[in-house]
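Q: Sequence and predicted model, in that order:
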Amino acid sequence: MSTYIVEGGRPLEGAVRVHGAKNSVLPILAACLLAPGECVIHNCPELSDVTASLDILRHLGCRAWRQDGECVVVDASAPTGWDVPDALMREMRSSVIFLGAILGRMGQAKLCAPGGCELGPRPIDLHLAAIRALGGTITESEGGLRCAGALRGADIVLSLPSVGATENAMLAAVCAQGTTTITNAAREPEIVDLQQFLCTLGARVRGAGSSVITVEGGHALHGGEYTVMGDRIVAATYLAAAAAAGGEVEVSGVDYRHLSTVTAVLNEAGCTVQSDGTRVSLRSGGMLRGVRPIRTAPYPGFPTDAQAPLMAALVRGEGCTVFVENMFESRYRHVDELARMGADIRVEGRVAVVYGVPRLHGARVRAADLRGGAALVVAALAADGISRIEGLHHIDRGYQSLERDLRALGAQIVRS
């Protein structure tokens, strides 16, 4: 089992470019199933979740391969399958995003329960409600779902602005006859990225980035070429690492506006942050101060995926910071591991109170989920001594060669 060995206490210096966004590329790969022909996807990171998506596409009868490093080609000219077996579904939680695409293209779909990080209940009720609104019939049995039916345009009102349900509704609606309106849609930048890709394929979708998305379904689609947006959560992680360890770094390849809530917190904590187009630079002395309460919320609020890395940066310093996790019930699984390194954090329900400490020490810790694993790396970079971080399969789901990028910034981190 792979382990990160991190020697902390060294400031970070230099520049790094983030890879394509995991949360964009997964629905974009699912969308490739809708278009007869080849889709060429640039800035597609080498992540285990991406590998799982490509395996699903191949199982469905598509041809899919990687070429020239960060470029992936998917040929969905003649898909033959409409089911995703249990083994593939369990590889990643977001595998449910294939539901709308398979049903739209093949007229039926069969999926098992999805896998991925254990972050508490993430019911797919909103996904299923959207499919039903479009005319799909759903039968649940033996831990799986069977969907069928000719889809037609409809008015879909989401009770919550769920990212996954918004994406599934968009994918299915592209193949539905007539116009679909999705109200209370998620507004995340990754939704905008999916809309732009669908339009590249010939779909007619508008409104992404607002709370109402309109899809004119039933139009003929074709292959296309597209470049995925940069990963704002990876960028937030690198900025948190520099804030925690000290030093000066520049992160590029990401829209600075997508990071505004994160950079505002880092500014308040005592860092100097400057933004320019697709670049964000940060300078830190390494000792941060507590900030006003951080409450995770749907975009444009503070992203839940950045909560753990920012918490790890704020455990070393002065003052107190309160975190309120509004998105997932079990997103403080990194807290006990941070405590092994000397952090002082009290958790009650969805609230975590971080009391800054003057120093952290190296320890053997284990990642329990993707962003919690990144948080342990952030803390290890700021700690005195050597830390050993296990459970890297979680980190590999969302970070391409995390150790390589951090070494480029001067970190002492190796994978063994």
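A: Received the coordinates, thanks. Numbers count the residues shown, from 1 in each chain.
Q: Which segments of this structure make up each domain?
A: Using automatic domain parsing, the domain parsing of the chain gives 4-18+230-415, 22-227.
Q: For those, give me JSON lines that also has mean neighbour count and mean pLDDT.
A: C-betas here are computed from N, CA, C, even on glycine. Written out in JSON lines, the entries for those read as follows (neighbours: other C-beta atoms under 10 Å; pLDDT from 0 to 100):
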{"stretch": "domain 4-18+230-415", "mean neighbour count": "21", "mean pLDDT": "97"}
{"stretch": "domain 22-227", "mean neighbour count": "20", "mean pLDDT": "93"}
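Q: would you list every one of the helices in this protein?
A: If you assign secondary structure with DSSP state H, the helices in the chain sit at 22-32, 48-59, 86-89, 98-106, 125-133, 163-175, 189-200, 232-245, 260-268, 307-314, 335-340, 370-382, 392-395, 402-408.
Q: export the second one as PDB, just CAs?
A: Going back to what we said before, that points to helix 48-59. Only the C-alpha atoms of helix 48-59 are listed here, as PDB (Å, rounded to 0.1, in the frame of the first residue of the first chain):
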ATOM      1  CA  SER A  48      -8.500   7.000 -10.700                       C
ATOM      2  CA  ASP A  49     -12.000   8.400 -11.100                       C
ATOM      3  CA  VAL A  50     -11.200   9.300 -14.700                       C
ATOM      4  CA  THR A  51      -9.900   5.700 -15.200                       C
ATOM      5  CA  ALA A  52     -13.100   4.400 -13.800                       C
ATOM      6  CA  SER A  53     -15.200   6.600 -16.100                       C
ATOM      7  CA  LEU A  54     -13.200   5.400 -19.200                       C
ATOM      8  CA  ASP A  55     -13.800   1.800 -18.000                       C
ATOM      9  CA  ILE A  56     -17.500   2.400 -17.800                       C
ATOM     10  CA  LEU A  57     -17.500   3.900 -21.300                       C
ATOM     11  CA  ARG A  58     -15.600   0.900 -22.700                       C
ATOM     12  CA  HIS A  59     -18.100  -1.500 -21.000                       C
END
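Q: start the count at 30, not 1, going forward
A: Shifting the count to begin at 30 puts that one at helix 77-88.
Q: same for that helix, what does it pack against?
A: helix 51-61, strand 92-96, strand 100-104, helix 115-118 (3 or more C-beta pairs under 8 Å, 6 or more residues apart in numbering; DSSP states H and E).
Q: And the helices of the chain: which comes nearest residue 379?
A: Between residue 379 and the helices of the chain, the shortest gap by C-beta to C-beta is with helix 336-343, which sits at 11.0 Å.
Q: correct me, but residue 139 touches residue 110?
A: No - between residue 139 and residue 110 there is no contact under C-beta atoms under 8 Å: 9.3 Å.
Q: will you turn the helices and strands packed on helix 77-88 into a markdown table that also has distance to residue 407?
A: What follows is these, written out as a markdown table (distance: least, C-beta to C-beta, whole Å):
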| stretch | distance to residue 407 |
| --- | --- |
| helix 51-61 | 18 |
| strand 92-96 | 29 |
| strand 100-104 | 29 |
| helix 115-118 | 31 |
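Q: wait, which of these is closest to residue 240?
A: Each of the helices and strands packed on helix 77-88 has some distance to residue 240 by C-beta to C-beta; the shortest is helix 51-61, at 18.4 Å.
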